[in-house]
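Asks: predicted coordinates and the sequence they were generated for:
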Amino acid sequence: QKEVEQDPGPLSVPEGAIVSLNCTYSNSAFQYFMWYRQYSRKGPELLMYTYSSGNKEDGRFTAQVDKSSKYISLFIRDSQPSDSATYLCAMKGNTGFQKLVFGTGTRLLVSP
Amino acid sequence: KAGVTQTPRYLIKTRGQQVTLSCSPISGHRSVSWYQQTPGQGLQFLFEYFSETQRNKGNFPGRFSGRQFSNSRSEMNVSTLELGDSALYLCASSLDATYGYTFGSGTRLTVV
């Protein structure tokens, strides 16, 4: 079983829809949670960064972390065709220098 | 503010050769991490450097090595290249282990 599970998609939605992307994990030591967006042939771009449980909002993006369920989510409101990309969740522990553990990524397609 | 810069962007090498990839982190960032991204395995952690010292290492053979210089710039070396080393190699920088990581655009290595 992988430490981080993420549905690969693709997830197809119409422009303007609310998108929900999710990851589950098994390592209870994870404390830092990140969401990255990756366009084709580009490096991952950091979208959201949260520590421990709770919600964080930034513009059209909302990140939620539920440590009791080992479940994290990224919501995208008013989705745009430019949001079409692969979304990767990543997480790590908080002791010393811990590696980032990534999900496999969910491919999102937003149609005009 | 300049982002993470990786050079070269593309490389084609022959089996058995060696290669050196370069990464310049965001100014002020002292942590540099390296990841390998392939379609089959996703993003896999190679190593992380902080203040010129390797702080963490992933499960890669000894053919993969790295170093960090006093100006935080980092290099990664792969010796005796194999076909399976073909991948996108990504460098990420951070202020320290408690902050989010900013990725470069990567070096796409093709081994023939």
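Replies: Yes, it's here.

Asks: residues in chain A within reach of chain B, list them.
Replies: A:32, A:34, A:36, A:41-46, A:49, A:88, A:90, A:94, A:96-105 (C-beta under 8 Å from any C-beta of the partner chain). Heads up, the C-betas are built off the backbone N, CA and C, glycines and all.

Asks: show me which of those are buried.
Replies: A:32, A:34, A:36, A:43-44, A:46, A:49, A:88, A:90, A:97-105 (16 or more other C-beta atoms under 10 Å in any protein chain shown).

Asks: shaky segments in chain A?
Replies: Low-confidence segments of chain A (pLDDT under 70): none present.

Asks: distance of residue A:100 relative to residue B:110?
Replies: 25 Å (C-beta to C-beta, to the nearest Å).

Asks: try residue B:16
Replies: 14 Å.

Asks: what sits against the nearest residue to residue B:65 once chain neighbours are set aside?
Replies: Of all residues not flanking residue B:65 in the chain, residue B:77 sits nearest, at 5.0 Å (C-beta to C-beta, 6 or more residues apart in numbering or on different chains). Contact partners of residue B:77, counting by C-beta atoms under 8 Å, 6 or more residues apart in numbering or on different chains, are B:18, B:19, B:20, B:21, B:64, B:65, B:66.

Asks: the strands in chain A, which residues?
Replies: Along chain A, the segments classed as strands by DSSP state E run A:4-5, A:11-14, A:19-25, A:32-38, A:45-51, A:54-58, A:61-66, A:71-76, A:85-92, A:101-102, A:106-111.

Asks: and the second one, which strands flank it?
Replies: Looking at strand A:11-14 with DSSP bridges, its partner strands are strand A:106-111 (parallel).

Asks: tell me which residues touch the residue sitting nearest the centre point of chain B, please.
Replies: Centrality entry for chain B: nearest residue to the mean C-alpha point is residue B:34, 3.4 Å, by C-alpha atoms, centre = their mean. Neighbouring residues of residue B:34 by C-beta under 8 Å, 6+ apart: B:23, B:45, B:46, B:47, B:48, B:66, B:74, B:76, B:89, B:90, B:91, B:92.

Asks: now do residue A:38
Replies: A:44, A:45, A:85, A:86, A:87, A:88, A:105.
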